[in-house]
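> from the sequence below, what's the structure:
(2 chains)
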Amino acid sequence: MEDQAKLQIFQQRIDAGEKIEPKDWMPERYRQQLVRMISQHAHSEIVGMLPEGNWITRAPSLKRKLTLLAKVQDEAGHGLYLYCAAETLGVDRHELFLQFLDGKAKYSSIFNYPTLTWADIGVIGWLVDGAAIVNQTMLAKCSYGPYSRANLRICKEENFHKRQGYEIVATMANGTPEQRNMLQDAVNRFWWPTLMMFGPPDTDSPNSAELMRWKVKLFSNDELRQRFVNLTVPQARAVNLTLPDPDLKFNEETENWEFGEINWDEFWSVVRGNGPYNRQRMRARRNAYSDGEWVRKAAAAHAAKRKNNVA
Amino acid sequence: MSDSEWPLWEVFVQEKQGAPHEHAGSLHAPDSEMALQNARDVYARRERLLSIWVVESRHITATTPSDDGPFFEPGNDKAYRHPQFYKVPRGIK
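Model (predicted):
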């Protein structure tokens, strides 16, 4: 009975646009949903380093190499902001990380596609980071204070990612026919998986209603997807790229770019671990963790030694 | 050895001269010097900061939401604490 009253006050605070802070009372389900969302988001940032890290040594110029290094470093930082936000909900960061290494926790399906050419790096910055910004701009306004602040910080850095990506795209679009083909091929491969980043359609998204009632999410998957398509189609046209969707057309009345049917079978198959690169990504994460053991040990040994010297 | 076995540190940063140190976030580190180093890498990558404080989270004593109420009562009934309470001759600023 008391919980019902607390729940009501909680909902009133949410409806009034108040932020919820870690020590405030919150429904257990709200806490669980946030841990799930924030840790998935954190894992995605960490896995997101892999497709790009793959191109650091092969970037076509020193400038591109520097930018890519900075970008990959940002993804690591974003993962850290998010793990810290998750920890404010009383979970242990190491536990979350182990769930991720064991394959129990999910991460964004987009990172289970390989980066085959340099054009992919441009297209990922433009499309994948572009989609992430649409999502994170919303999450920066979410009801949970620490998650909202982490996203605010992330959004500031993510804009650099998107613009560096679009610059690569625009440069290649003005390049040789070979470069143009390479670019178009990358767009063709990444367009549909990028649209899948917003998650299943609203009719098939069991958590959405609850998350929106609690203002963890402020817009539905389909609304965000539409917003992204509307932003991106003009950017594609500006550099004379086509999007691989024969059904794409502008609706004068709604002012929306309508798009064709997404292959949800592919989406679910990748989510279940059968995407083209799921296994490689998991293996790389596990190797990074075990190969990094000595760094963690060295840091601890250094701290212990310094403590003894002081004592 | 995992990084959550290391203590959690809260990071406060000062953005400009005279501004207060504001909470920027937190991180795990084995000692204060490495916490400071990591804080620099994570929270000072873009804007130029003037100063960073790190403090182990367990050393922070904070109020709880139930302290809302009497604990934070500003005493608005004590009108004599505000300048408007006092009358000054007309024309004096």
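
> hey, what's the residue nearest the centre of chain B bridged with?
By C-alpha atoms, centre = their mean, chain B has its centre lying nearest to residue B:22, at 4.9 Å. Under DSSP bridges, the beta-bridge partners of residue B:22 are residue B:13.

> could you check how far it is from chain A?
To chain A, residue B:22 is 11 Å away according to C-beta to the nearest C-beta, to the nearest Å. C-betas here are computed from N, CA, C, even on glycine.

> now for that residue: which residues touch it?
Contact analysis of residue B:22 by C-beta atoms under 8 Å, 6 or more residues apart in numbering or on different chains lists B:12, B:13, B:14, B:15.

> so which of those residues is the closest to residue A:241?
residue B:15 (40.2 Å; C-beta to C-beta).

> may I have the phi/psi pair for the closest one?
Dihedral angles of residue B:15 (phi, psi; degrees, to the nearest 10) stand at phi -90, psi -40.

> ok, and the closest non-adjacent residue to it?
Nearest residue to residue B:15, sequence neighbours excluded (C-beta to C-beta, 6 or more residues apart in numbering or on different chains): residue B:49, at 6.1 Å.

> and the pLDDT for that neighbour?
At residue B:49 the predicted local confidence, pLDDT, stands at 92.

> re earlier: just name the closest of the contacts of residue B:22 to chain A, please.
Of all these, residue B:13 has the smallest distance to chain A: 11.6 Å, by C-beta to the nearest C-beta.

> show the contacting residues for the closest residue in space to residue A:38 that isn't next to it in sequence.
Spatial nearest neighbour of residue A:38, excluding adjacent residues (C-beta to C-beta, 6+ apart): residue A:86 at 4.2 Å. Listed by C-beta under 8 Å, 6+ apart, the contact set of residue A:86 reads A:34, A:35, A:38, A:39, A:42, A:93, A:96.

> likewise residue B:29?
If you count contacts by C-beta under 8 Å, 6+ apart, residue B:29 has them with A:299, B:6, B:7, B:9, B:35, B:37, B:38, B:54.

> switch those over to JSON lines; also include neighbour count, secondary structure and distance to residue A:149.
Rendered in JSON lines, the data for the contacts of residue B:29 read as follows (neighbours: other C-beta atoms under 10 Å in any protein chain shown; DSSP: H, G, I helix; E, B strand; the rest coil; distance: C-beta to C-beta, whole Å):
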{"residue": "A:299", "neighbour count": "18", "secondary structure": "helix", "distance to residue A:149": "27"}
{"residue": "B:6", "neighbour count": "20", "secondary structure": "coil", "distance to residue A:149": "23"}
{"residue": "B:7", "neighbour count": "16", "secondary structure": "coil", "distance to residue A:149": "22"}
{"residue": "B:9", "neighbour count": "24", "secondary structure": "strand", "distance to residue A:149": "17"}
{"residue": "B:35", "neighbour count": "25", "secondary structure": "helix", "distance to residue A:149": "19"}
{"residue": "B:37", "neighbour count": "14", "secondary structure": "helix", "distance to residue A:149": "23"}
{"residue": "B:38", "neighbour count": "18", "secondary structure": "helix", "distance to residue A:149": "18"}
{"residue": "B:54", "neighbour count": "21", "secondary structure": "strand", "distance to residue A:149": "18"}
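
> could you dump the residues you listed to a markdown table with distance to residue B:29?
Below are the contacts of residue B:29 laid out as a markdown table (distance: C-beta to C-beta, whole Å):
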| residue | distance to residue B:29 |
| --- | --- |
| A:299 | 8 |
| B:6 | 6 |
| B:7 | 7 |
| B:9 | 6 |
| B:35 | 4 |
| B:37 | 8 |
| B:38 | 5 |
| B:54 | 8 |
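
> brilliant, that's me finished.
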